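Engineer: Based on what follows, work out the 3D shape:
(one chain, ligands or ions: 2)
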Amino acid sequence: MAIIQGRDIGTAARWLQAGKLVAFPTETVYGLGANARDEAAIKAVFAAKGRPADHPVIVHLADSEAASAWAAQVDKRARQLMDAFWPGPLTVVLPRHPQVSTLVTGGQDTVAIRCPSHPVARQLLQAFAHLAGPGAGVIAPSANRFGHVSPTQAKHVFQEFVGSDLEMYVLEGAPSEVGIESTIVDVSQAGQPARILRPGHIGADALQAVLREEVMPYAPQKASPDTPRVSGSLKAHYAPRTPLYLFQRAQLSRIIQAHQADRIAVVGCGPLGLLGEAAAQGLHQVRVLPADARSYAAQLYGTLRALDEQGFAALYFEIPPALPAWEAVHDRLSRAAAAF
Ligand code: TXA
Ligand code: MG
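Structural biologist: Ligands and ions are numbered 1, 2, ... in the order given. I've put the predicted structure just below:
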């Protein structure tokens with residue numbers, strides 16, 4: 001048993017076909033893939049992640065033609081979304097095709113599908129469809145242990161699982177450009193408005209412009225036995241191991257005062273100016289992430305991982321602006337902070 005890293009698409013596709021695990025890059029984050037028709041392989045992915053069995057996973061497809069093998073109905077809205085955003089960072093929730101394993105759907109009557117745009121993901125899904133036949137699908141939760149930060153580079157996947165006795169092929173590729181998980185939109189119920197279940201790179205405005213109808217914005221759900229189980233909806237998720245706290249710029253002087261004897265990292269959303277210079281004195285480390293939401297998202301998880309390795313007492317992240325463009329970043333940051 002070993003983790004093998006490489007760039008060979010053919011090997012990776014054959015591993016999937018043989019029921020083995022393949023981690024691969026997508027434009028959002030790296031996924032931990034398995035043949036979505038192979039229940040033993042799906043169970044192996046859940047076991048590798050330590051993910052509860054009732055959390056559904058996304059099926060990754062080579063193209064939108066494959067959608068009808070997974071969804072009982074691909075209606076007009078679903079078509080419009082797929083035509084506009086695929087390949088790309090949008091996951092569409094549709095009624096489940098009766099032949100889809102309940103392991104994929106977490107026992108729900110809907111299925112989540114997506115066609116990623118990362119060139120390596122596309123090549124892999126096409127090569128796998130060549131072996132497994134049209135309508136082939138690959139489940140791929142983010143390639144991290146349950147609740148931890150998603151990987152955006154092949155080396156993160158390796159670090160996440162090194163030391164385990166898993167057998168896994170890590171298909172290497174360029175880092176994930178988007179850097180946070182896909183937007184999930186639920187269009188499974190005809191007659192009901194489309195609803196955002198997880199905010200991401202593609203916002204409500206963009207969806208609305210394509211559908212020409214109102215889209216229900218993302219609303220964090222309270223856990224209840226009846227709500228669809230969206231694992232990212234657990235309050236504490238995407239979390240580093242070092243305690244993470246959020247701060248407003250006006251609180252920074254007080255934080256520095258309170259932590260004179262601790263080694264903490266302070267992460268600004270854009271330059272922190274004189275406050276940053278004060279924070280950089282002594283034991284603290286100051287980092288500055290970009291002041292635009294897309295670049296910030298692309299660097300967020302890599303920054304969390306890098307800081308996590310440095311043994312800080314705590315990580316203090318500045319709260320980004322309260323604007324729609326930052327919604328997905330707010331969501332990930334507040335979940336990371338909720339773990340502490
Ligand atoms: O960007 C992404 O979507 C990445 C890359 C690898 O493609 N994948 C990813 O997978 O984020 P994962 O398993 O970490 O998150 C999948 C999310 C979970 O929150 C899950 O609950 C939700 O999708 N989901 C899956 N099937 C669903 C369904 N039928 N209804 C509602 N939510 C669903
Ligand atoms: Mg995940």
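
Engineer: Stretch 46-53 near ligand 1 anywhere?
Structural biologist: No. Using Cβ under 6 Å from any ligand atom, stretch 46-53 stays clear of ligand 1, coming no nearer than 7.5 Å. (Glycine included, C-beta is placed from N, CA and C.)

Engineer: and that stretch, average pLDDT?
Structural biologist: In this model, stretch 46-53 carries a mean pLDDT of 94.

Engineer: just how off-centre is it within its chain?
Structural biologist: 16 Å (Cα atoms, centre = their mean, to the nearest Å).

Engineer: Check stretch 104-114 too.
Structural biologist: Distance, centroid of stretch 104-114 to centroid of chain: 16 Å (Cα atoms, centre = their mean).

Engineer: Please save the CA atoms from that stretch in CSV.
Structural biologist: These are the backbone C-alpha positions of stretch 104-114, laid out as CSV (Å, rounded to 0.1, in the frame of the first residue of the first chain):
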residue,chain,number,x,y,z
VAL,A,104,-23.5,8.5,-3.6
THR,A,105,-26.6,10.4,-2.6
GLY,A,106,-26.4,9.8,1.1
GLY,A,107,-29.8,8.1,0.9
GLN,A,108,-31.5,11.3,-0.6
ASP,A,109,-33.6,11.3,-3.7
THR,A,110,-31.4,13.9,-5.4
VAL,A,111,-27.9,13.7,-7.0
ALA,A,112,-25.2,16.4,-7.3
ILE,A,113,-23.3,16.5,-10.6
ARG,A,114,-20.6,18.7,-12.0
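
Engineer: Buried residues, that stretch. List them.
Structural biologist: With burial defined by 16 or more other Cβ atoms under 10 Å, the residues of stretch 104-114 counted as buried are 104-106, 108, 110-114.

Engineer: contacting residues around that stretch?
Structural biologist: The contact list for stretch 104-114, computed with Cβ atoms under 8 Å, 6 or more residues apart in numbering, reads 36, 42, 53-61, 67, 70-71, 86, 89-97, 100, 137, 139, 182, 184, 186, 188, 228-229.

Engineer: Same question for stretch 129-138.
Structural biologist: By Cβ under 8 Å, 6+ apart, the surrounding residues in contact with stretch 129-138 are 13-14, 16-17, 22, 31, 33-37, 59-62, 65-66, 68-70, 113, 124-125, 128.

Engineer: hey, C-alpha coordinates of that stretch in CSV?
Structural biologist: As requested, the backbone C-alpha atoms of stretch 129-138 are provided in CSV (Å, rounded to 0.1, in the frame of the first residue of the first chain):
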residue,chain,number,x,y,z
ALA,A,129,-15.3,7.4,-19.9
HIS,A,130,-13.4,5.7,-22.7
LEU,A,131,-12.8,2.7,-20.5
ALA,A,132,-16.0,2.6,-18.5
GLY,A,133,-18.4,3.8,-21.3
PRO,A,134,-20.5,6.9,-21.9
GLY,A,135,-22.2,8.1,-18.7
ALA,A,136,-19.2,7.2,-16.6
GLY,A,137,-18.9,9.2,-13.4
VAL,A,138,-16.4,9.8,-10.7
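
Engineer: average pLDDT for that stretch?
Structural biologist: Averaged across stretch 129-138, pLDDT comes to 96.

Engineer: Present the buried residues of stretch 104-114 as a markdown table; the columns should include pLDDT.
Structural biologist: As requested, these are arranged in a markdown table below (pLDDT from 0 to 100):
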| residue | pLDDT |
| --- | --- |
| 104 | 98 |
| 105 | 97 |
| 106 | 94 |
| 108 | 94 |
| 110 | 98 |
| 111 | 98 |
| 112 | 98 |
| 113 | 98 |
| 114 | 98 |
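
Engineer: would you turn these into JSON lines with distance to ligand 1 and secondary structure?
Structural biologist: Below are the buried residues of stretch 104-114 laid out as JSON lines (distance: Cβ to the nearest ligand atom, whole Å; DSSP: H, G, I helix; E, B strand; the rest coil):
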{"residue": "104", "distance to ligand 1": "8", "secondary structure": "helix"}
{"residue": "105", "distance to ligand 1": "5", "secondary structure": "helix"}
{"residue": "106", "distance to ligand 1": "7", "secondary structure": "coil"}
{"residue": "108", "distance to ligand 1": "5", "secondary structure": "coil"}
{"residue": "110", "distance to ligand 1": "4", "secondary structure": "strand"}
{"residue": "111", "distance to ligand 1": "5", "secondary structure": "strand"}
{"residue": "112", "distance to ligand 1": "3", "secondary structure": "strand"}
{"residue": "113", "distance to ligand 1": "9", "secondary structure": "strand"}
{"residue": "114", "distance to ligand 1": "6", "secondary structure": "strand"}
